[in-house]
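Q: Starting from these lines, generate the structure:
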Amino acid sequence: KVIIILLLCMPIAANAADYYVATNGNDNNPGTLSQPWATWQKGFKSISAGDILFIRGGTYSPTATQGSGSGGTIYAGVYITGKDGTSGSKYKVFNYPGEIPILDGTNITNAGRRAGILLNSCNYWHIKGLKIQNFAQYSSGAYSSQGVQINSGNNNLIENCIAYANGGPGFR
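A: Below is the predicted model:
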C-alpha cells in the first residue's frame, strides 16, 4: 500500500526542460546553457514536447540534412518529421532573449529543392524570433526553395520570424 501511495503522489508528467544551441557549442554536449549544442538540427531533433529550445545569437551555416516533403527530396538546414506536441505541451524553439539567431543556407549547395526549416507532419510547434536567409533557388523551377516550410502540420505558430534572400517564399 505504501508503494501505491508513493506512486500516486509522484507527478504524472515529467517537467519540461530548457535546452540551448550556440555558435560555440558542440553536438556532443548535453544542450545546457553552459554546454550548448552547436546545430539547430541537433536541437530541434533532441527536444521533447513541452521543452523550450533557446537558440543563441549569431550566424549558423549548416550543411544539408536530406528530407522529403510535398514534391520530393528537399535539402534543409533543419529537417524534422513526425514530432507532435499537444495544445498543452508544444515544441517550443525561441531565440535567446535579446539575441538574433540566423540560419544561413549559403553552404547548402545540393542539386535540388532547399529549405531553411522543414517540418514534415509535425503538429503543435511554436517557433519564435528566428531569422532564416540565403536558401538559394537551385533551378528556375517555381518555389524550389523557401525559408520555412510546413508540410501536413496543424496548430503550428511562427512568430516574429524573418525569412529573406531565399529563392522562393519565405514561409510555405
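Q: tell me the contacts of residue 165?
A: 133-134 (Cβ atoms under 8 Å, 6 or more residues apart in numbering). In short, each C-beta sits where N, CA and C put it, glycine included.
Q: The chain: helices as residue ranges?
A: Along the chain, counting by DSSP state H, helices occupy 2-9, 40-46.
Q: And these, which one averages the lowest pLDDT?
A: If you rank those by mean pLDDT, helix 2-9 sits at the bottom with a mean of 47.
Q: okay, now residue 109: neighbour count?
A: Applying other Cβ atoms under 10 Å, we find 12 residues neighbouring residue 109.
Q: what's the answer for residue 122, then?
A: Residues near residue 122, counting by other Cβ under 10 Å, number 22.
Q: I'd say it and residue 84 touch.
A: Yes: applying Cβ atoms under 8 Å as the test, residue 122 and residue 84 come out as touching, 6.5 Å apart.
Q: Nearest residue to residue 116 in space, please, no chain neighbours.
A: Nearest-residue entry for residue 116: residue 132, 3.6 Å, with adjacent residues in sequence omitted and distances by Cβ to Cβ, 6 or more residues apart in numbering.
Q: For the one you found, which residues count as its bridge partners?
A: The residues paired with residue 132 through beta bridges, assigned by DSSP bridges, are residue 103, residue 163.
Q: residues in contact with it?
A: Residue 132 sits next to 77, 102-103, 105, 116-117, 147-148, 161-163, 166, 170 when contact means Cβ under 8 Å, 6+ apart.
Q: Repeat that for residue 149.
A: By Cβ under 8 Å, 6+ apart, the contact list for residue 149 reads 69, 74, 115, 117-119, 171-172.
Q: Check the spacing between it and residue 39 real quick.
A: Counting by Cβ to Cβ, to the nearest Å, the separation of residue 149 from residue 39 is 19 Å.
Q: In this structure residue 130 contacts residue 103, no?
A: Yes: the pair residue 130 and residue 103 qualifies as a contact (Cβ under 8 Å) at a distance of 6.7 Å.
Q: Give the intersection of the neighbour lists for those two.
A: The overlap between the contact sets of residue 130 and residue 103 (Cβ under 8 Å, 6+ apart) consists of residue 117.
Q: what's the longest strand in this protein?
A: Within the chain, and with DSSP state E defining each element, the longest strand by residue count is strand 72-81.
Q: Provide the strand pairings for that one, with the direction of each partner.
A: strand 65-69 (antiparallel), strand 113-120 (parallel).
Q: Just name the most buried of the ones you listed.
A: When the strands paired with strand 72-81 are scored by mean count of other Cβ atoms under 10 Å, the highest mean neighbour count falls to strand 113-120 (a mean of 28).
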